[in-house]
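S.K.: how would this look folded up:
(one chain, ligands or ions: 3)
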Amino acid sequence: MYKKVLTVSVLLAFICVRLAASLSCYTCVNPNDCKKPKQTTCTTAAANVTSDYLRVYHDNVRNSSSSRFDCLALQYTHSNNNTVTYQLHGCVHSDVSACALPLKAQYSYAWRKNKCVICSGNNCNKSPAGKMSSSVYTIAAATLGLLLVKIYA
Ligand SMILES: *[C@@H]1O[C@H](CO)[C@@H](O)[C@H](O)[C@H]1NC(C)=O
Ligand SMILES: *[C@@H]1O[C@H](CO)[C@@H](O)[C@H](O)[C@H]1NC(C)=O
Ligand SMILES: *[C@@H]1O[C@H](CO)[C@@H](O)[C@H](O)[C@H]1NC(C)=O
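M.R.: Ligands and ions are numbered 1, 2, ... in the order given. Purely as a prediction, here's the structure:
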């Protein structure tokens, strides 16, 4: 019995680490670049780069060294003609709260936040097709659930 619990715990821990370690996000830094976004595996360094870009236009971007990551998709438009003025996709530290950051005063009067998405799931920050990866996790969880039931039955 205890051996089984141990096995399952180790399995769970392994899966959790794998999921946390393997998050990948679409990455691009301006409207032109975002026509051809790259895919980046989230690391502290990658999330720090996103923080640096966020810091150019926002106040209160904290210096996070957290290794909990999400994918970010952020877009601002000019409030008078809806032209995309600023676009940023990438890995972001979860505790930076990227969608809650205030714009610097010199941008806030003319820019409108058009979109801001923080999501977790591989490449979830580009297309709705990214939702597929979370359903993969759901299937994995369901399979694990079945496995647990079998082991304890
Ligand atoms: C990322 O930024 C944090 C906070 O500024 C810093 O402590 C950490 O060393 C940086 N890590 C990398 C890999 O650049
Ligand atoms: C974050 O780091 C920068 C540069 O390393 C420093 O100037 C700034 O004061 C730090 N901010 C906070 C809130 O610690
Ligand atoms: C939209 O408005 C901004 C600010 O007034 C201006 O700089 C930009 O050129 C405009 N874009 C278009 C396509 O009209």
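S.K.: Cys28 is in contact with Lys36, correct?
M.R.: Yes: proximity of Lys36 to Cys28 meets the contact threshold set by Cβ atoms under 8 Å, at 7.4 Å. Using the backbone N, CA and C atoms, a C-beta is placed for each residue, glycine as well.
S.K.: Kindly confirm my reading that Gly121 is in a helix.
M.R.: No: using DSSP: H, G, I helix; E, B strand; the rest coil, the assignment for Gly121 is coil, not a helix.
S.K.: What's the local residue count around it?
M.R.: If you count neighbours by other Cβ atoms under 10 Å, Gly121 ends up with 20.
S.K.: re the thing from before, which of Lys36 and Cys28 has more neighbours?
M.R.: Per other Cβ under 10 Å, whichever of Lys36 and Cys28 has more neighbours is Cys28, with 20 against 7.
S.K.: Quick one: residues contacting the more buried one.
M.R.: Neighbouring residues of Cys28 by Cβ atoms under 8 Å, 6 or more residues apart in numbering: Cys34, Lys36, Pro37, Lys38, Gln87, Leu88, His89, Gly90.
S.K.: Wasn't the first one part of a helix?
M.R.: Same thing as Cys34. Yes: applying three-state DSSP, one finds Cys34 inside a helix.
S.K.: neighbours around it, how many?
M.R.: Cys34: 18 surrounding residues under other Cβ under 10 Å.
S.K.: confidence score at it?
M.R.: If you check Cys34, the pLDDT there is 93.
S.K.: Run through the bridge partners of the nearest residue to it once chain neighbours are set aside.
M.R.: Nearest residue to Cys34, sequence neighbours excluded (Cβ to Cβ, 6 or more residues apart in numbering): Cys28, at 4.0 Å. As for beta bridges, Cys28 partners with His89 under DSSP bridges.
S.K.: Can you point out the buried residues in whichever helix or strand Ile118 is part of?
M.R.: According to DSSP states H and E, Ile118 maps onto strand 111-119. Applying a neighbour-count criterion of 16 or more other Cβ atoms under 10 Å, one finds Trp111, Asn114, Val117, Ile118, Cys119 buried in strand 111-119.
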